[in-house]
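Peer 1: Show me how the following folds:
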Amino acid sequence: MISSFGYKYFIKMKHKKPSLFALFLLLSLTLLSCKDLSEKSTNENQIVVHVELKILKDDVLELYFDDRESKVFSSKMSIRKKIKGDSSFQKVSFMLKDNAYPNRIRIDLGENREQLPIEIKEIALQYNKAIHVFSPQELETYFKANIYLDFNSIVATPKMLDGKYDPYLESFNLSKFINQLILQ
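Peer 2: Residues are numbered from 1 along each chain as shown. As a prediction, the model looks like this:
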């Protein structure tokens, strides 16, 4: 129940324009509470693949992942990201769909046939707050380049063969790492 003082104050304020400060405060609180809710739900219980690289020309990266039942990659189980060429490192994150726990992933390193060598600083898997960053030795052990890519765990050099171009890194079975992340 509103006291007589509160009621009189409410009636008085009803006829005045609210102050700019009060509007700003209300809007700020609303936006902050919405941001907190969205951050909590964006990648909770989902696998995220992070690739930090230096790619000099505009291109498109694509991540393929399997569904543990299929041995082949398909466009239905892929995520594409447009990349702006830059001389500094940039982090590209691929959030897999709900309940996607792949055995293998494939990172397609672009469609631009004029792409220069790509410096790969880091490939990482994340589940909630748990992260596994692959060491250079693990990259050489758990990832292999196809025939359109020369790769030495740091530099990936795309190349054309017989007029064809499709450079990618394909992982071997990563379920050990994914299971460890989920159990943390």
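Peer 1: residues near residue 108, how many?
Peer 2: The local packing of residue 108 (other Cβ atoms under 10 Å) involves 22 other residues. Backbone N, C-alpha and C define where each C-beta goes, glycine included.
Peer 1: Residue 63 - nearest residue in space that isn't next to it in sequence?
Peer 2: Distance criterion Cβ to Cβ, 6 or more residues apart in numbering; nearest residue to residue 63, sequence neighbours excluded, is residue 94 at 4.1 Å.
Peer 1: Name the strands paired with the strand or helix carrying the one you found and say parallel or antiparallel.
Peer 2: According to DSSP states H and E, residue 94 maps onto strand 90-95. As defined by DSSP bridges, the strand partners of strand 90-95 come to strand 47-54 (antiparallel).
Peer 1: so how far is the strand holding residue 94 off the chain centroid?
Peer 2: Relative to its chain's centre, strand 90-95 lies at 3 Å (Cα atoms, centre = their mean, to the nearest Å).
Peer 1: Okay, now the unreliable bits of this protein?
Peer 2: By pLDDT under 70, the low-scoring segments of the chain are 1-43.
Peer 1: quick one, helices of it?
Peer 2: Ranges of helices in the chain, per DSSP state H, are 4-14, 20-42, 136-142, 175-183.
Peer 1: sorry, back to before: check which residues of the strand holding residue 94 are buried.
Peer 2: 92, 94, 95 (16 or more other Cβ atoms under 10 Å).
Peer 1: wouldn't the residue nearest to residue 63 be in contact with residue 81 here?
Peer 2: Yes: using Cβ atoms under 8 Å, residue 94 is in contact with residue 81, at 6.9 Å.
Peer 1: which residues do those two both contact?
Peer 2: Residues touching both residue 94 and residue 81 by Cβ atoms under 8 Å, 6 or more residues apart in numbering: residue 63.
Peer 1: wait, which of the buried residues of strand 90-95 is closest to residue 171?
Peer 2: For the buried residues of strand 90-95, the minimum distance to residue 171 (Cβ to Cβ) is 13.0 Å, reached by residue 94.
Peer 1: Quick one: residues contacting the closest one.
Peer 2: Contacts of residue 94 (Cβ under 8 Å, 6+ apart): 48, 49, 50, 51, 63, 79, 81.
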